[in-house]
Structure formats: C-alpha cells, structure tokens
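> Make a model of this:
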Amino acid sequence: MNGQHISYENEISAWMFYTNTCINLYKPRYDQYIRNINEVQKHRSNCKKIEENWNDNDEQRKEWMSSKIYETINLISLYKLNIQTKGIYGSLNKIIFNHHNELAEIRNRYLNQ
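Got it, this is the predicted structure:
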C-alpha cells in the first residue's frame, strides 16, 4: 500500500502485539540479564587483578585468556538481550508516534471546521 497504514487501529494493534511479545520473551530472561552483568564484572575484575600482578608465565596467560573468553561470552548474551530491549523501546516509540499523528490529524480536522 505504498507505505500507507491499513488503519490507525491496525497499526497500533500491531505495535502493541509486538511490544507484548518482546516483553513476554524478555521477562523470563531478566534473571539471566542480571547474572550476565555480574559475570562480566567478575571476569573483568579478575583480568584487571591479573594484569596488575603480571608475571608473564603460561599459567597466568591461560587464566587471563579464560577470564577474557568468559567475559566475552557474557557480553554477547547481554547484547542479545539488549536487542529485545531496543525492540520494546522502538515499538513503544512507534505507538507514541502513531498516537501523536492521529491526535494531530483530529485536531487539524476540528480546528479547520
């Protein structure tokens, strides 16, 4: 339909459905989100501690690499959860945008009469 909405109600309903779907997918993973943040911080702190007391031996390098790998894994998980969060905010912004446009159209229609 050349970028046109079917109807205002349809557009808002679609964005509300998308928002609710994202929220329902996100809710059970909130504990995982907090756990990932704690894990990232734990591994960053461990890397920093190792770097401050660097002895340049194989065992220390392996421990540092292991912490860096686990930090990266948890960061990737956080990024994935952030995509869902941005989806929620994006859909809420679309709902607000469509409400604003509809209200502006109603205001113009009645003020011009």
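
> Now the element after the worst-scoring helix or strand of the chain on mean pLDDT, going C-ward?
Of the helices and strands making up the chain, the lowest-confidence element is helix 8-26, at a mean of 80, by mean pLDDT, DSSP states H and E. Secondary structure here is assigned by DSSP states H and E; on that basis, the next helix or strand after helix 8-26 toward the C-terminus is helix 30-52.

> now that following helix, how far from the chain's geometric center?
Relative to the mean C-alpha coordinate of its chain, helix 30-52 is positioned 19 Å out (C-alpha atoms, centre = their mean, to the nearest Å).

> Determine the set of other helices and strands touching that helix.
Helices and strands touching helix 30-52, by 3 or more C-beta pairs under 8 Å, 6 or more residues apart in numbering; DSSP states H and E, are helix 58-111. In short, each C-beta sits where N, CA and C put it, glycine included.

> middle-most residue in this protein, spatially?
A centroid search over the chain (C-alpha atoms, centre = their mean) returns Asn82, at 2.1 Å, as the residue closest to the centre.

> Relative to Arg29, how far out is it?
In this structure, Asn82 and Arg29 are 11 Å apart, going by C-beta to C-beta, to the nearest Å.

> same check, this time on Tyr110
Per C-beta to C-beta, Tyr110 is found 45 Å from Arg29.

> Can you pick out the residue with more neighbours from those two?
The residue with more neighbours, out of Tyr110 and Arg29 and counting by other C-beta atoms under 10 Å, is Arg29; that gives 15 against 8.
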